[in-house]
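# After the sequence you'll find the predicted model.
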Amino acid sequence: HHHHCPQQQQQQQQGAGAPGPGSQHRGAPAWARIPAADLADKLKAFAASNPPTLSNDMPVAELRTFLEMAGAGDELRACREKAEMLAAAKARANAWEVRRVLTAKKVFPQEAAFMAALFRCDPASIQAHSLTQATASAAYRDLRLKVHPDKNRKEDVPLATRAFQYLQEAWKALPAEKPQQCRKPPRAMQPTQPQQCNVWQTPQHHQ
């Protein structure tokens, strides 16, 4: 059972020109047919994308791309029927997410941009510190289950381990609560909502 290593894909991709839309390279991955300038944009789009709904309505071309992005090129070439492709895609849903996280880390070297792609949110919310653990918790819990090494195929464990580590680091770097909520209230203000600051620090009585 041989791995699909990214280096090979990169060589394929650099060697491939941009054939016309009619030509079909059965062996080469989808991104091997994309001109290099567009490839960066395509990978950035993949890094921040939501997984497609895997159903019978999904066009074969999209299923093919999903399987390639999930690292299932070998399986894809063995599939003859759309039903087989769909079953393979469903089995590789976590593998797709693992590779999305790793792609995001690679194409967005700045922490804020990586977090925005990882948690699928607006980069401005990170600059404004409005993306907090509270607002990202649903996305984090969902990702934690999908990229956890135990939830992935044996051959994907090294990749999943790295993706899981990036996810944990990003989560720890998110503020627990909005910083601006934790400025001490002016003395004149009635302390109607003292619970707002509890996340940051142990509550102190401002007497």
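Received, thanks.
# all contacts plus neighbour counts: C-alpha atoms, from now on.
Noted.
# mind checking the longest helix of the protein?
What stands out as the longest helix in the chain, according to DSSP state H, is helix 157-173.
# quick one: buried residues of it?
By neighbour count, with 16 or more other CA atoms under 10 Å as the criterion, the buried positions of helix 157-173 are 157, 159-164, 166-167, 170-171.
# One more: stretch 131-144?
Neighbour-count burial for stretch 131-144 flags 131-133, 135, 140, 143-144 (criterion: 16+ other CA under 10 Å).
# List just the nearest of those to L86.
Distances from L86 to the buried residues of stretch 131-144, taken as CA to CA, are shortest for L143 (21.6 Å).
# Tell me what angle the helix or strand where the closest one lies forms with helix 157-173.
For L143, the element it lies in under DSSP states H and E is helix 133-147. Angle of helix 133-147 versus helix 157-173, following axes from the mean of the first three to the mean of the last three CA atoms, to 10 degrees, is 170 degrees.
# list the contacts for the nearest residue to P158 once chain neighbours are set aside?
In space, not counting the residues next to it along the chain, P158 is nearest to P149; the distance is 7.7 Å by CA to CA, 6 or more residues apart in numbering. By CA atoms under 8 Å, 6 or more residues apart in numbering, the residues touching P149 are 156-158, 160-161, 164.
# Which one of those is nearest to L43?
Distance to L43, by CA to CA, is smallest for A160 among the contacts of P149, at 18.5 Å.
# hang on, that closest one packs against V147?
Yes. Contact criterion CA atoms under 8 Å: A160 and V147 qualify, at 5.4 Å.
# what do those two both touch?
Taking CA under 8 Å, 6+ apart as the criterion, A160 and V147 both touch 95, 98.
# Quick one: list the elements packing against the host helix or strand of L67.
L67 belongs to helix 60-69 when elements are defined using DSSP H and E. With contacts defined as 3 or more CA pairs under 8 Å, 6 or more residues apart in numbering; DSSP states H and E, helix 60-69 has these neighbours: helix 73-78, helix 82-91, helix 93-107.
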